[in-house]
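Asks: Predicted coordinates and the sequence they were generated for:
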Amino acid sequence: MLNQVDPADVPNLVEGEASFTLHGAGVSGGIAIGHAHLVSSARLEVAHYDISETDVDSEIQRFEAAVTRVRWELDELQTSMPSNAPAEMGTFIDVHRMILEDASLSKVPADLIRARRCNAEWALVQQMDSLVAQFNEIEDAYLRERQADVTQVVERILKAMLGTGHAPSIPSHEEDVIVVAHDISPADMILFKQHRFAGFVTDLGGVTSHTAIVARSLNIPAIVGMHHARSLIREGELLIVDGRDGVLIVNPDKQVLAEYQLRGRQLEIERQKLKRLRTTLAQTIDGVQIDLEANIELPQDVDDVIESGATGIGLFRSEFLFLNRSELPGEDEQFEAYRQVAQAMKGRPVTIRTLDLGADKSIAGELKAGPNPALGLRAIRYCLAEPQMFQTQLRAILRASRYGKLRLLVPMLAHSQEIDQTLAAIAQAKASLDADGIEYDRSITVGGMVEVPAAALSLGVFVRRLDFLSIGTNDLIQYTLAIDRTDDTVSHLYDQMHPAVLHLISHTIRTANRAKIPVAICGEMAGDLAVTRLLLGFGLRQFSMHPAQLPAIKQQVLRTSLPEVKAIAARILRTSDPHRSRQLLDKLNA
Ligand code: PEP
Ligand code: MG
């Protein structure tokens, strides 16, 4: 964070650098102060202009210098790769090198510059478009996917060209960088975990999109749905990100900067204070113990889980192990990842969700998005359609179950035959391990996610056949209200307090409690302080959230009396008037 920026060094308002404010949806609290770093996609960025006959040679030289620069960058990447980097990383660099050396990219753009007398960036992007069109014609899904590699190599060359010209200075320290992007895919976002940026803002995305969820897990201030940030902000501009209120201030003046620095320091003090609750038992005033568990995406997130004082892992989104690579992880590699988490948690429960691919998370060459990805071949539907892949994962999880306390969680179940088929697949994986003489935890429990309204409205078969339930409120809201959670144009209609949503949640909790099977919430509502008391009032006793949210939720639990909140929660459930509902929620949280 640029808390060190001295307001005295910030001009009040320098000509051409007017201060302005943009609003979006805050997805991760706190204040970040830093310099903008624009992350772009090639097509959006490129200008088109004619050049004179006399400039053709120097334009071609500029292009060739950029190709040389990228060649050097790829060599550097290869030599500086850490020894524990996945093997695919090396293959990926080789593929990029081959693409770079191919005449279609290293030579044809130069011919285009000469023939059309256009700038180098434009010639390159024209050639990229024509290559991508050719790739689109290819039948083989794997080869077709290689078009993404072509685009990435082109982006590298473009970046190198901008770097040789009048590129604005990019701050050298990551901690001072605020990433500004039109859109970031969940797969790209997960790559940012290796960095320590100060904050993120994106033009697209809803607050419960997977991009936002991963941004939240990075525990740095972030805003999505800014609409025009990418086009209004220039590289290197000073930014303040207020991730709680969703406010972005560009080129702040001295007073505003000083005010936000102060606010940032206060928030940090509060955060440190909350950390003291790490070992405190999460118990309501009337003595009821509440389970506060954590969500993770990758094995390395476990350190944060332990640091947060979570009693277990309520959701391990295992599909993130499958992103950003050209080959699927095999059984042994998956086993290692699950074993690592199981052992690190030292006997505390670890809930591994089976693959939830599809919708906004896809793997290279494997998945056609379909006309409506959120309603398509996603999650358990995809796994049941790819039995070999599913067996590999189930065997890996079962093998790891010897090393800790694992639970299996199945996403997006809606039909009773899906439950039957899933249980049959688990039985098959167990039988194959038995045949191989491999040990596993024979009493491993199997739970289902309730994230489709159809599931919440037909819980009988769920509670009869499964050991526990976990409510995925992100999807339950998306599917109940018919709001694509990744689409910021309808995000104002994505309402966790909608009576239909609350009825489905409270009904699921009540049904599970009556049937005496555990029920948790692992969607974003579990980490939202505004609804903690409401959910406790509905009878929820198990929450799973980002580790960073856990201390504040624990504090709220410690300050809550269940008999008091139960009555108000029941009144909220009875009202269909949004105004009244808000009033009652304020009363509940007072
Ligand atoms: C959910 O839908 O609430 C959930 C926890 O799963 P995901 O966000 O990964 O879809
Ligand atoms: Mg979900």
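Replies: Yep, it's here. None of these values were measured; they are calculated from a predicted model. Residues are numbered from 1 along each chain as shown. Ligands and ions are numbered 1, 2, ... in the order given.
Asks: Return the residues of the chain in contact with ligand 1.
Replies: Of all the residues in the chain, those in contact range of ligand 1 (CB under 6 Å from any ligand atom) are 213, 315, 317, 356, 451, 472-475, 522-523. The C-beta positions use only the backbone N, C-alpha and C, and glycine is treated the same way.
Asks: Of all those, the one with the weakest confidence?
Replies: In terms of pLDDT, the least confident member of the residues of the chain next to ligand 1 is Ile213, at 86.
Asks: related to what we said a few turns ago, okay, and which of the residues of the chain next to ligand 1 map to strands?
Replies: Counted as lying in strands by DSSP state E, out of the residues of the chain next to ligand 1, are 315, 317.
Asks: With distance to Gly437 and neighbour count as added columns, please give the residues of the chain next to ligand 1 in CSV.
Replies: Conversion of the residues of the chain next to ligand 1 to CSV gives the following (distance: CB to CB, whole Å; neighbours: other CB atoms under 10 Å):
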residue, distance to Gly437, neighbour count
Ile213, 40, 22
Leu315, 32, 27
Arg317, 31, 24
Asp356, 31, 26
Glu451, 37, 26
Gly472, 36, 27
Thr473, 42, 24
Asn474, 41, 23
Asp475, 39, 24
Cys522, 35, 28
Gly523, 40, 28
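Asks: near ligand 2, from the residues of the chain next to ligand 1?
Replies: Counting by CB under 5 Å from the ion, the subset of the residues of the chain next to ligand 1 that neighbours ligand 2 consists of 451, 472, 475.
Asks: ok, so of these, who is nearest Arg278?
Replies: Compare each of these with Arg278 using CB to CB and the shortest gap goes to Gly472, at 27.0 Å.
Asks: Return the residues in contact with that closest one.
Replies: Applying CB atoms under 8 Å, 6 or more residues apart in numbering, we find Gly472 in contact with 411-412, 449-451, 522-523.
Asks: separation between it and Ile505?
Replies: Applying CB to CB, to the nearest Å, the value for Gly472 to Ile505 is 11 Å.
Asks: cool, and Gln152?
Replies: If you go by CB to CB, the gap between Gln152 and Ile505 works out to 41 Å.
Asks: do the same with Phe63
Replies: Noted for Phe63: a distance of 57 Å to Ile505, by CB to CB.
Asks: who touches Glu439 in this structure?
Replies: Contact criterion CB under 8 Å, 6+ apart gives 402, 433 as the residues in contact with Glu439.
Asks: quick one: it is in a helix?
Replies: No: judged by DSSP: H, G, I helix; E, B strand; the rest coil, Glu439 forms no part of a helix; its state is coil.
Asks: higher neighbour count, Gln152 and Ile505?
Replies: For Gln152 versus Ile505, neighbours defined as other CB atoms under 10 Å are more numerous around Ile505 (28 against 14).
Asks: pretty sure the more buried one is in a strand, no?
Replies: No: Ile505 sits outside any strand when classified using three-state DSSP, being helix.
Asks: How confident was the prediction at it?
Replies: We note a pLDDT of 98 for Ile505 in this prediction.
Asks: Quick check: it touching Leu535?
Replies: Yes: taking contacts as CB atoms under 8 Å, Ile505 lies within contact range of Leu535: 7.5 Å.
Asks: So in this structure, which helix runs the longest?
Replies: Taking residue count as the measure and DSSP state H as the definition, the longest helix of the chain comes out as helix 56-79.
Asks: So which residue is dead centre in the chain?
Replies: Closest to where the C-alpha atoms of the chain average out (CA atoms, centre = their mean) is Val214, at 2.7 Å.
Asks: residue contacts, it?
Replies: 186, 189-190, 192-193, 297, 320.
Asks: next one: Pro329
Replies: The contact partners of Pro329, by CB under 8 Å, 6+ apart, come to 321-322, 337.
Asks: Looks to me like it is in a strand.
Replies: No: judged by three-state DSSP, Pro329 forms no part of a strand; its state is coil.
Asks: mind listing what's buried in the helix or strand where Thr91 lies?
Replies: Assigning secondary structure by DSSP states H and E places Thr91 in helix 87-101. Neighbour counts using 16 or more other CB atoms under 10 Å place 92-93, 95-97, 99-100 of helix 87-101 among the buried residues.
Asks: Give the residue spans of the stretch 351-500 of the chain that score low on pLDDT.
Replies: Residues of the stretch 351-500 of the chain meeting the criterion pLDDT under 70: 364-369.
Asks: all strands of it, in order?
Replies: The residue ranges that make up the strands of the stretch 351-500 of the chain, judged by DSSP state E, counting those that start in this stretch, are 405-410, 445-450, 468-471.
Asks: Out of these, which is closest to ligand 2?
Replies: Minimum separation from ligand 2 across the strands of the stretch 351-500 of the chain (CB to the ion) falls at strand 445-450, 6.4 Å.
Asks: Show me what the closest one is packed up against.
Replies: Helices and strands touching strand 445-450, as assessed by 3 or more CB pairs under 8 Å, 6 or more residues apart in numbering; DSSP states H and E, comprise strand 405-410, helix 416-436, helix 453-456, helix 459-465, strand 468-471.
Asks: now the angle from the longest one to strand 445-450?
Replies: So that's helix 416-436. Using axes from the mean of the first three to the mean of the last three CA atoms, to 10 degrees, the direction of helix 416-436 lies 150 degrees away from that of strand 445-450.
Asks: and helix 416-436, what does it pack onto?
Replies: Other elements packing on helix 416-436 under the criterion 3+ CB pairs under 8 Å, 6+ apart are helix 379-385, helix 387-400, strand 445-450, helix 459-465.
Asks: so which of these is the most packed in?
Replies: For the helices and strands packed on helix 416-436, the stretch with the most neighbours on average is strand 445-450, a mean of 24; neighbours defined as mean count of other CB atoms under 10 Å.
Asks: average pLDDT for the helix or strand Glu121 falls within?
Replies: Secondary structure assigned from DSSP H and E places Glu121 in helix 120-136. The average of the pLDDT scores along helix 120-136 is 86.
Asks: Check stretch 560-570 too.
Replies: 97.
Asks: Show me how far stretch 110-123 is from its chain's centre.
Replies: 39 Å (CA atoms, centre = their mean, to the nearest Å).
Asks: buried sites along it?
Replies: For stretch 110-123, the buried set under the neighbour-count rule, 16+ other CB under 10 Å, comprises 110, 112-113, 117-123.
Asks: and the residue in the stretch 51-200 of the chain that ligand 1 sits nearest to, how far is that from Asp102?
Replies: Taking CB to the nearest ligand atom as the measure, the point where the stretch 51-200 of the chain comes nearest ligand 1 is Pro186, at 9.3 Å. Summarising the geometry, the distance separating Pro186 from Asp102, computed by CB to CB, is 30 Å.
Asks: Longest strand in this protein, please.
Replies: strand 31-39.
Asks: so what strands line up beside it?
Replies: If you go by DSSP bridges, strand 31-39 pairs up with strand 177-181 (parallel), strand 238-242 (antiparallel).
Asks: that older thread, for the buried residues of helix 87-101, which one is nearest Glu59?
Replies: Leu100 (19.1 Å).
Asks: now the closest one, nearest residue through space, not along the chain?
Replies: Ranked by CB to CB, 6 or more residues apart in numbering and with sequence neighbours excluded, the top spatial neighbour of Leu100 is Val153, at 5.4 Å.
Asks: That neighbour sits in which helix or strand?
Replies: helix 147-164.
Asks: where does the stretch 101-250 of the chain dip in pLDDT?
Replies: Along the stretch 101-250 of the chain, the parts satisfying pLDDT under 70 run over 141-142, 145, 162-174, 187.
Asks: The same query, at a cut-off of 90, please.
Replies: 119, 121-122, 125-126, 128-177, 179-197, 203-220, 227-236 (pLDDT under 90).
Asks: how many neighbours does the nearest residue to Ile99 once chain neighbours are set aside have?
Replies: Among residues not flanking Ile99 along the chain, Val153 sits closest, at 4.7 Å (CB to CB, 6+ apart). Using other CB under 10 Å, Val153 has 24 neighbouring residues.
Asks: so what's Val153 up against?
Replies: Applying CB under 8 Å, 6+ apart, we find Val153 in contact with 70, 96, 99-100, 105.
Asks: please redo it, this time with the cut-off set to 6 Å
Replies: 96, 99-100 (CB atoms under 6 Å, 6 or more residues apart in numbering).
Asks: Fine by me, we can end here.
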